[in-house]
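Chemist: Dropping a prediction and its sequence here:
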Amino acid sequence: MNSGTPLPKRLLLPTDFSSYAFNALRQAMAIASAFHASVILLHVIDEQVIQCVMDFCLSDAVVNQIRQRQLSTTADKLQREINGVLESHGGVDISWETRTGIPYDEILKAQQEMGIDLIVMASHGKTGIVRNLVGSVAERVLRDAKCPVLLIRN
């Protein structure tokens with residue numbers, strides 16, 4: 001970082017629990033350690049639970065149970081991710097948050113709401129037709145974020 005660029009103090013790390021995201025978390029922790037910054041680990045649960053397929057539909061109660069189970073499982077996974085990096089970066093303040101919604105949209109909202117200085121995220125490196133069919137969360141965040149974005153290419 002040059003002398004005209006403010007040092008990051010709050011880093012956001014979106015995770016999908018992939019090995020790519022864990023690698024990005026290790027990078028974010030190293031950056032946070034170097035700049036005495038904090039890290040917020042964010043997982044977004046996609047809001048679209050398919051309730052009906054053909055003639056079979058799940059009740060609202062079952063859909064709510066699924067969502068509650070997702071939240072509980074996500075909390076456990078986030079805590080394990082944090083525990084996995086704290087041994088090597090114990091001095092870094094790290095917290096986590098879970099949101100429900102469209103992943104890139106929630107990442108961008110979190111960036112603004114939390115005063116994030118730097119988003120560190122994995123790029124799965126998908127190209128061509130796969131990226132066009134699936135879409136790219138990283139691409140949308142990179143394009144629309146109001147702060148710098150560091151993509152960790154895997």
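Modeler: Here it is on my side, so go on. Just so it is clear, the model here is predicted, and its values are computed rather than measured.
Chemist: buried sites along the longest helix anywhere in the chain?
Modeler: In terms of residue count, the longest helix belonging to the chain (DSSP state H) is helix 60-86. In terms of neighbour count (16 or more other C-beta atoms under 10 Å), helix 60-86 has its buried residues at 70, 74, 77-78, 81-82, 85. Just so you know, the C-beta spots here come from the backbone N, C-alpha and C atoms, and that holds for glycine as well.
Chemist: Beyond it, next helix or strand please.
Modeler: Next along the chain after helix 60-86, taking DSSP states H and E as the criterion, comes strand 93-101.
Chemist: and the angle for that following strand with helix 60-86?
Modeler: With axes from the mean of the first three to the mean of the last three C-alpha atoms, to 10 degrees applied, the angle from strand 93-101 to helix 60-86 works out at 160 degrees.
Chemist: now what about strand 93-101, what contacts it?
Modeler: Here strand 93-101 makes contact (C-beta atoms under 8 Å, 6 or more residues apart in numbering) with 29, 32, 38-47, 67, 71, 74-75, 78-79, 81-82, 85-86, 106, 109-110.
Chemist: Could you spell out the sheet neighbours of that strand, each with its direction?
Modeler: Using DSSP bridges, strand 93-101 pairs in its sheet with strand 38-46 (parallel).
Chemist: Quick check: mean pLDDT of the strand it pairs with?
Modeler: Averaged over strand 38-46, pLDDT sits at 91.
Chemist: How far does that strand sit from its chain's centre?
Modeler: Distance, stretch centre to chain centre, for strand 38-46: 4 Å (C-alpha atoms, centre = their mean, to the nearest Å).
Chemist: Then stretch 7-24?
Modeler: Distance of stretch 7-24 from the chain centroid (C-alpha atoms, centre = their mean) equals 6 Å.
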